[in-house]
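Asks: Here's a sequence, model it:
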Amino acid sequence: MTNVDRMIPVQILDDIIQTPMYITKDPQGTSALMHYSQIFREGKLYNVEVLYDKATNTIMHFEYTRKALGPLLAIPK
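Replies: Numbering: from 1, shown residues only. I've put the predicted structure just below:
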């Protein structure tokens, strides 16, 4: 992650993995699972997705945005 302003604490990633709103299979076909939830950053609500492989304890991808992600609808401005 090259943009420090976009980083989120590992505790938030862990919370998303432990108590997601939705879980789906990895669209790329790996054994990892995509975890979807929402977070607040600087007073704004964001959708977030975390691709987590439990077998290797690896976060393979994460993104947060106000756009629609997976089953989460876009967040109005």
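
Asks: What helices and strands are in contact with the helix or strand Gln11 falls within?
Replies: For Gln11, the host element (DSSP states H and E) is helix 10-18. Here helix 10-18 touches strand 33-41, strand 44-53, going by 3 or more CB pairs under 8 Å, 6 or more residues apart in numbering; DSSP states H and E. For glycine as for every other residue, the C-beta is placed from the backbone atoms N, C-alpha and C.

Asks: just those: most buried one?
Replies: strand 44-53 (a mean of 18; mean count of other CB atoms under 10 Å).

Asks: Can you pull up the most central residue in this protein?
Replies: Glu49 (2.2 Å; CA atoms, centre = their mean).

Asks: contacting residues for Ile12?
Replies: Residues near Ile12 by CB atoms under 8 Å, 6 or more residues apart in numbering: Ile39.

Asks: Please repeat the previous calculation with a cut-off of 10 Å.
Replies: Going by CB atoms under 10 Å, 6 or more residues apart in numbering, Ile12 touches Ser37, Ile39, Phe40, Arg41, Val48, Val50, Phe62, Tyr64.

Asks: just to revisit the earlier point, can you tell me the strand partners of the next helix or strand after the helix holding Gln11 and which way each runs?
Replies: Using DSSP H and E, the helix or strand that follows helix 10-18 in sequence is strand 22-25. Sheet pairing for strand 22-25, assigned by DSSP bridges, gives strand 33-41 (antiparallel).

Asks: hmm, who's touching the partner strand?
Replies: Here strand 33-41 has contacts from 5-6, 8, 12-13, 15-28, 45-54, 59-62, 64, 69-72, 75, using CB under 10 Å, 6+ apart.
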